[in-house]
Each structure stands twice: as C-alpha cells, then as structure tokens.
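below is the sequence, then the predicted model.
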Amino acid sequence: MANLWCLGTDSVSLTATECCLSALWTGQTQGRFCVMSAMISALIQPNANCRSIVRISIWLYYYFVEGSDIILFCSAVSRPAALFSWFLNGDLLSDTGSHLILTNIQQNQSGNYSCQAFNTKSLRYFHSNSSWLLRVITEKLQSSFGPTAPVSNVKVNASTTEILELSSTPVHLSCSSSGSALTIVNVTRYDQGPFRCHVVSPVSNGTSGPVKLLTVCELLLSGPENINLSLSPSQEHYDEGSDVSLICSVGSGPPALIHWFLDGDPLPDSGPELRLMNVQMSQSGNYSCQAFNNRTMRNQTSEPAAVSVLKFSNVIITPNATDLLELQDSVSLSCSASESFPSFLWLNGSSEVTASNRVQIPDGGSVLTIINVTCYDQGPFMCHAFNNFSNYTSHPVEFYISCELQSDSRPSALFHWFLNGHLLSDTGPVFGLMGIQVNQSGNYCCQAFNNRTMRNETSEPAAVSYLSSPYITTIRSPAAVLIEDKSSTNLSCEASGSISTQVWMKDGWPLHLSDRVRFSIDNKTVFLQPVHSSDHGTFQCRVSNPVSSVTVAYNLTVNYGPHNVTITGPSAPAPGRRVMLQCTVDSVPPANFSWKFNGNETHVNNSMYIIERLEEENIGNYTCTARNMVTMMENSTVLHLRGERSCNAYVLTVTLWHFQA
C-alpha cells in the first residue's frame, strides 16, 4: 500500500512528470525474503493561487521466498463502507474484503495483484491505481542478498546548507541509512525544504530530521543603503544626567551589522540602538553608526549626529579694581562661565551696557572695559550669560568711585555733608560710601562755606537707593519617592535680599494654577496634589527686583508607568529573514521587559526580541510585558507576526508501507 503526504500552505493535487527520486530497500525476516523498489516521478508547478499540481505513478515490485505468508490491504473512502474484490493479472479472485491473505505462497501465485471497491448505494466501482507485482523466488536465489538490519539513526547529510540562488555548484543530499542520494542543480529559492529521508525495511522504518537550505536570492542582496541616524529625544542640548537614545536605520539584505563611533573612534556597542544613560559632559561629541553587509561586503557610515551635554555652572565677574578715582581710572571686568555659554550681556543696574567711545566690549562680550570712570559707573554691574538652551546671571559687582565736588569759591570752601537733612561727620569735597547698606539709602546733599565771605551754598539733593540682589538658598521637596496619582509633594523656594517678584516655572515654561497645582500666598511654595507624570522634570524658581534676577532649578523625579507599550517591527516579513521586534514604553524608572510567544514564556528579558531566521514555527502572537519595579504596575501589548504568503516550498514525502505476516 502507498500513501502520499503533501505538506504546504494549501492542499495538493497530483499530475505531470519530471524530477525523479528512487530508492531501493532489501531485507530478510524469519526466512522470508522481500525486495521493494519504487520509482516516483513528479513535477511541481506553482500557480497564482499558490497551489502545486503533481502526478505520481507508483510501481511496486515485491519478491518473496516460497512458503511465505503475505497480507495485502486495500482501502477506499466510501459511505456506506465499500465492498472489495481482488484480481490477479486482471482475473477476479474468489477472495473478498479489505484484506487478501496469501499463505504458503508458491511461484505460480506470482503476478499483478489489484483491488476494486464497490458502493452499494451509488452503484459505482473504483479500481486501484496501483498494483502489486509479486515475484515468488526460491531459497537459492534468496542467498544472493544479505541480511536485513532494523532501520535506525536515519540522517540527511548535506554538502552545504547555504548557497546563492542559481549557483553553478550543486547541493548533494544523502540518506545515511539507505545510501540514497539527492542532487539539486541550479538551486532556486523554492528548494529551501525542509528535506527528510524516510527509510522502510521489512522489519522497521525511520524518518530523518528536517534539513533546510538557506537560498540567498541575488536580487535580495542589497545595501547597506539609505542609512539614517536619529536622536531621541531630539534636541540641541541635553542636561547632564539625562537619557539619550541614538537609533540607526538602514536598508540592507540580509540585515546589516551595526557598529558605533564617537568622534571617529569605535565604541564597544553594537546593534541598531545606542543608549546613553545618565549622560555626562565627557560623552559630548559627534556620534555616527556604520552598517556592514557580510554578503555584499559593503559598508555605509551615517552622517554624524552631535550630542551636546550641558552642566549647570555659576557665572562670575572678576574686576581688576574696585576703588577708583573719577575721570582718572579705568576698569576691566571679566565674565567667566562654562564653555556651554557662547554669548554675554552686560547690565548696569537694570540697563544694558552698550559700547561707546568710553565703553569697550570686544568680540565675544566676556570682557567689559570702562575708560575714565565717572560717578555714574558705580554699578551694580552684572554679567548675563546665555545660549539657546539656558541662561544665567552673575551676582552684582559695585565700585567705590571717589567723586570730587566742584565749587567756585575763593578761598576754597569748607564742605559738609547731609543725609536726609542730618549733618554727617564727613567733610571735604569727596564723600565715599564703602559697602553701602540699606540704612544708607536717602537724599544726600553738600554745603559749601566760605569763611571769608561768611556765605554758604547747599547743593540739590542726590538720591542714593540701595536695592539688594536676590539670592536663592534652596528648593526643597519633602517627599523622597513619588508615584504618579498616588503621592503628593510641595516645593519651597527660600530666597533672601530685596525681592520684587517670585515666579515658578516647569521645564522653562510658566507654571499655572490648576486643580492639582496650587501656590502659597507669598508664592514661595507650590503644592502638587497628586503628582502626575507631566510633573517629572525640572522646576525653576525665579526671584527678581529692578536690579537683577536669579533662577535656580530642582529636578523632580516622578515614578510612573508603564504607559503606551508598543511593539515595532515587520508584521509580515519574508521567510528566512532576520526579524527584530522592539518594545517601547513610557516609564520612570525604565521598565523591565518580558516576552511571550503564543502565551508561552520565552526567557527574553530585554526590550528587543530577535528572530535570527524566520521559520514557519515562528509565526504567531508575540506579547511584550513591561513592569515598573517602583510603581509595581505592568502593561502589555501583542503583535501578530504572520509570514509573507508565497509559493516558495512544499514538502513531499512518499511513504511506502509493506505488511508481511
């Protein structure tokens, strides 16, 4: 009896001839001898419906020793059950039923055996396509054949499992237990398999494991090309301690190997994504990725992407002198800041200092020079350093400038000084205020007295107003660990000096009142009840007066998520391709990942699931689960991975069974 098993994406019918396979089995059991040979001819013709049409003709030759007992089986699909008749060389035998038992067989019983099925309802006959040619031989002929061993350890050995499509080098497959061989010349992508060898002897049978060929289509060899490097998040500068991801994408078949470089120097990292966690200023520079295709032996390097990491730094003014004489001395002020600040602005009080004949501000603006200072150049002077990312203002610097009082008098007048009408102890034409304090604010005037004319004259009052610069000591948050929608906190901004306004900002934008956000009456404290994921980031407190302003920042960590779990990757990749599934999620701190395939654990515990070579058994549902170990929350999403529908491969296995008593 012969059975044909056709495994593929669709059912298979059978027609046409080409591509020959042959096998020969020999064996001996309990003195009964049997030789079976089969010729199987088939031509596979894929059509638009992804079906193959194959015809198989089978001739079975059986050799038995006289005296053997044989059972032949006949089966048919019929309702009701069919009635069976048996024929020898076309002549009807008296035997009926699905079994034909031949006991103590003799040479005169050699011939072609066949069976016929009859349906008593449809009144239809069906004659078997295959016939069994039995040859009965003598014991003497049997001795020319060797003994039969049970079939075991069936293996298929291949000369290679990886070959370029239409290569002139053939692929040789051999069956270890039978000695049969299969040679495929000019391999195509439809010859990928899997291939199996099935061996049958009179005492046992065995099937090898599958062997698959990786057939690389020359048309699929490409790249690398169109390489692109992107940053996430994408911004001009990054705070020290933040997280930055660099993603390298490229077109390549097969997928390219990715390597990373910083300022042209290779990094140990590889793969399509480079993560810079808790980034430092020392990691600033130009990053690039290089893709290498080990088939085309070509590589391509991306354009560099600049990563600029900034560190908060104080801005300081250094004057070359502070005690000056009006119209005689000159002074230079130097403003220092970190290299992150390319631009400088000078302020005298609340007014911007601009260049003139007496005031020099060279290119770069970090140095201010005043020639022949006057009483109006006492300050306070401040340096405001800024770039597109942030800005800082120095503490003020003031000068003591000795201003000479001019008076027309002969002989020279005697001078007295008054504050708000009260006589001061100071005399002389010059009155100096060193380290001015709040109680020294007021209206100053001087009185000149000529002891010859006995006359005096009093000047118009000059107002001196002291306004101290604000200074923030700290921003405090009482809660240590904050969880979204569960925790509340408040931030307090402690400042000193003469303060006109105090405002709160979040990530550089004004912070507004809402149902969750409240402010104290004096605006020194902001209450967040409860905290939200949008509160994660930098809070700033800015205090100011007409003279200057100061801003300090506080990084608030809110633990949240995981939110927005997504899997990115191809949904219908081609068989044999390398597949990468990337799981992304919004979570603080970063989430832990786990993967399931069709509901079963995979023991993959990172954000990327890699299938090195896509096979039919890899098709199914992939579940990514992200878990936040602080919020103790988890979230999942599912991607259904389906294979690209094609007519690439069918597996045809012909099994020949012989039943012998």
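On my side now, so go ahead.

and the strand or helix carrying Trp346, which strands flank it?
Element membership for Trp346, per DSSP states H and E: strand 343-348. Within its sheet, strand 343-348 is paired with strand 351-352 (antiparallel), strand 381-386 (antiparallel), according to DSSP bridges.

those: which one's closest to Val543?
Among these, the nearest to Val543 by CB to CB is strand 381-386 (14.3 Å). C-beta: built from backbone N, CA, C; applies to glycine.

tally of neighbours for the nearest residue to Asn451 once chain neighbours are set aside?
Computed as CB to CB, 6 or more residues apart in numbering, the closest residue to Asn451 that is not its neighbour in sequence is Leu414, at 6.5 Å. Per other CB atoms under 10 Å, the neighbour tally for Leu414 reads 15.

neighbours around the nearest residue to Phe118 once chain neighbours are set aside, how many?
Setting aside the residues directly before and after it, Phe118 is nearest to Leu83 in space (CB to CB, 6+ apart), at 4.7 Å. Leu83 sits with 16 neighbouring residues when counted by other CB under 10 Å.

in contact with Leu83: list those residues for me.
Thr96, Ala117, Phe118, Thr120 (CB atoms under 8 Å, 6 or more residues apart in numbering).

go on, Leu423?
Leu423 touches His416, Trp417, counting by CB under 8 Å, 6+ apart.

and with 10 Å instead?
His416, Trp417, Gln447 (CB atoms under 10 Å, 6 or more residues apart in numbering).

which of those residues are buried?
Buried subset of the contacts of Leu423 (neighbour count, 16 or more other CB atoms under 10 Å): His416, Trp417.

just the ones in strands from the contacts of Leu423, please.
Cross-referencing the contacts of Leu423 against strands under DSSP state E gives His416, Trp417, Gln447.

what is the nearest of those to Val315?
Trp417 (36.6 Å).

contacts only, for the closest one.
Contacts of Trp417 (CB under 10 Å, 6+ apart): 405, 423-428, 430-431, 444-447, 459.

in which helix or strand would I find Asn278?
Per DSSP H and E, there is no helix or strand for Asn278.

the closest residue to it other than its chain neighbours: how many residues sit nearby?
Excluding the flanking residues, the one nearest Asn278 by CB to CB, 6+ apart is Gly241, at 5.5 Å. Neighbourhood size, Gly241 [other CB under 10 Å]: 12.

and the gap between the closest residue to Thr103 other than its chain neighbours and Gln106?
Excluding its sequence neighbours, the residue lying closest to Thr103 (CB to CB, 6+ apart) is Asp69, at 4.9 Å. Distance, Asp69 to Gln106, by CB to CB, to the nearest Å: 12 Å.

sorry, back to before: buried ones only from the contacts of Trp417, please, as a PyMOL command.
Buried residues within the contacts of Trp417, by 16+ other CB under 10 Å, are selected in PyMOL with:
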select buried, resi 431+444+446
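
looking at the contacts of Trp417, which one is closest to Pro510?
Looking across the contacts of Trp417 and measuring by CB to CB, the closest to Pro510 is Tyr444, at 40.5 Å.

for Leu333, helix, strand, or coil?
strand (DSSP: H, G, I helix; E, B strand; the rest coil).

does it touch Leu368 like I think?
Yes. Contact between Leu333 and Leu368 holds when scored by CB atoms under 10 Å: they sit 4.6 Å apart.

next, show the common contact partners of these two.
Ile317, Pro319, Trp346, Val353, Phe381, Cys383.

isn't the third one up against Asp377?
This means Trp346. No. Between Trp346 and Asp377 there is no contact under CB under 10 Å: 11.9 Å.
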